[in-house]
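Chemist: sequence and predicted structure below; questions after.
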Amino acid sequence: MGEEQFTDAVVLTAPERLPSKRIGQYSVIGQAMKLVSVITRHKALKSKLEDKGIEFGGRVLLMGSIGTDFEAFIHYLAQEIPLKVARLRTREMLSKTESSRQMLRTAFEIAKRNSPSILWIDRLEFIAPMQSPQAALLAEEMQDVSWDAHEVIVVATTSNPNRIDPWLLTVFDRTFTSLGTTLDDRTRVFEEILSDRDDIDPALVAELTEGWSFSDVRHLAVSLFMVEESSEDQVTREQIEEIISRSGVLPIGQTSLLESLTHQIEGGESPEFGRVEEMYPDDFLDQLYLMAVGDNFHRTQEIIETLNQGAPLSSKDLDFLTRYPFLMGGTADDRLTRLLKAKKSSDRLRRIMGR
């Protein structure tokens with residue numbers, strides 16, 4: 001964004017200074033479209049709202065998993081209406097705690113003076129944590145500003161709503177949630193960034209990155225763009241999987257992956273995996289192995305071989321292990337023994353069922 005610092009509290013950006021082209025998360029843009037339609041309809045309903053003594057506050061909370069493209073919401077809203085963007089400077093707020101409350105007041109005042117505008121409060125959980133003076137002040141300031149009276153839209157974003165003061169949450173008129181990327185989100189990003197790469201199928205890469213956050217998808221798309229183009233007509237699925245595993249781009253937005261990586265980096269077995277044999281009796285573990293083998297024997301075998309060799313786990317391996325964490329438990333011999341036993345049982349069941 002082309003930005004202008006406006007005191008320590010806010011960075012102010014005029015809509016014409018926003019980038020004319022931006023690759024954004026389409027599902028988040030779709031949420032912004034809904035709000036634009038509400039604001040547009042507000043013009044026709046304003047007098048009726050006044051007659052009934054009610055208002056459209058225009059206070060919006062965006063909740064999403066780590067890596068969600070919240071800025072796509074702001075960008076679309078600002079250009080479509082149009083609106084100036086007054087972004088609260090979170091870093092300054094946190095570094096100047098003694099003046100943080102005054103900075104909050106200043107931010108709201110700047111948004112009102114430069115209306116029509118959006119006041120963007122990013123990472124709300126840091127600005128207004130549980131039972132903090134800032135949370136109480138922010139709730140009061142938000143209640144004193146509205147689209148009806150001041151032509152200000154307040155948009156707050158968070159990936160940790162459980163850390164926000166519950167009373168503050170009741171002030172928002174609208175709440176939009178994003179629980180990760182959709183297939184359409186990922187396909188659009190790969191199509192846009194890889195538009196000149198005839199050797200890579202964007203739809204295939206989008207399928208292979210299910211569960212990835214938008215930021216991780218965008219990082220991977222840039223990585224693929226920089227890979228030397230294949231002399232073949234089209235890179236195969238297996239080759240794409242290999243390229244992704246060697247790219248150095250991981251789905252960091254996945255909490256389960258972060259936890260798994262943390263356990264590996266710190267060394268030793270995690271409590272959950274280390275106690276697997278204490279938690280489950282042998283016959284239950286056999287049933288769990290049978291479930292994994294029935295789902296995908298070859299993939300289960302590959303994972304066990306990787307674990308037994310102590311080789312690095314790819315992001316695809318970690319994704320599989322989040323579904324079948326019990327594979328991490330036991331010794332190398334135990335894993336192979338249970339795998340072979342489960343394979344025999346699975347083959348026998350298939351014969352019985354005529355499959």
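Modeler: Sure thing, it's come through.

Chemist: strands of the stretch 1-150 of the chain, residue ranges please.
Modeler: Using DSSP state E, counting those that start in this stretch, the strands of the stretch 1-150 of the chain run over 4-6, 10-13, 59-64, 84-88, 117-121.

Chemist: got a markdown table for those strands, with mean neighbour count too?
Modeler: Just so you know, the C-beta spots here come from the backbone N, C-alpha and C atoms, and that holds for glycine as well. Output for the strands of the stretch 1-150 of the chain, formatted as a markdown table (neighbours: other C-beta atoms under 10 Å):
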| stretch | mean neighbour count |
| --- | --- |
| strand 4-6 | 14 |
| strand 10-13 | 21 |
| strand 59-64 | 23 |
| strand 84-88 | 25 |
| strand 117-121 | 25 |
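
Chemist: wait, which of the ones you listed is closest to Gly330?
Modeler: Between Gly330 and those, the shortest gap by C-beta to C-beta is with strand 59-64, which sits at 37.4 Å.

Chemist: give me the distance between the two termini of stretch 320-337.
Modeler: Stretch 320-337 has an end-to-end distance of 20 Å (C-alpha to C-alpha, to the nearest Å).

Chemist: just the buried positions in that stretch, please.
Modeler: Neighbour counts over stretch 320-337 (16 or more other C-beta atoms under 10 Å) mark 320-321, 324-330, 335 as buried.

Chemist: equivalent analysis for stretch 26-45, please.
Modeler: Across stretch 26-45, burial judged by 16+ other C-beta under 10 Å covers 26-32, 35, 39.

Chemist: so how many other residues sit close to Arg188?
Modeler: If you count neighbours by other C-beta atoms under 10 Å, Arg188 ends up with 21.

Chemist: again but with Arg237, I slipped
Modeler: Around Arg237 there are 13 residues (other C-beta under 10 Å).

Chemist: can you give me the neighbour number for the residue nearest to it when sequence neighbours are not counted?
Modeler: Closest residue to Arg237 apart from its sequence neighbours, by C-beta to C-beta, 6 or more residues apart in numbering: Leu204 at 6.2 Å. Using other C-beta under 10 Å, Leu204 has 17 other residues around it.

Chemist: tell me the SS of Phe172?
Modeler: Assigned with DSSP: H, G, I helix; E, B strand; the rest coil, Phe172 falls in the coil class.

Chemist: then the one 4 residues further on?
Modeler: Secondary structure for Phe176, judged by three-state DSSP, is strand.

Chemist: surely it and Gln31 touch.
Modeler: Yes - assessed by C-beta atoms under 8 Å, Phe176 is found in contact with Gln31 at 4.2 Å.

Chemist: in the stretch 151-300 of the chain, which spans are strands?
Modeler: Using DSSP E, counting those that start in this stretch, strands in the stretch 151-300 of the chain cover 152-158, 174-178.
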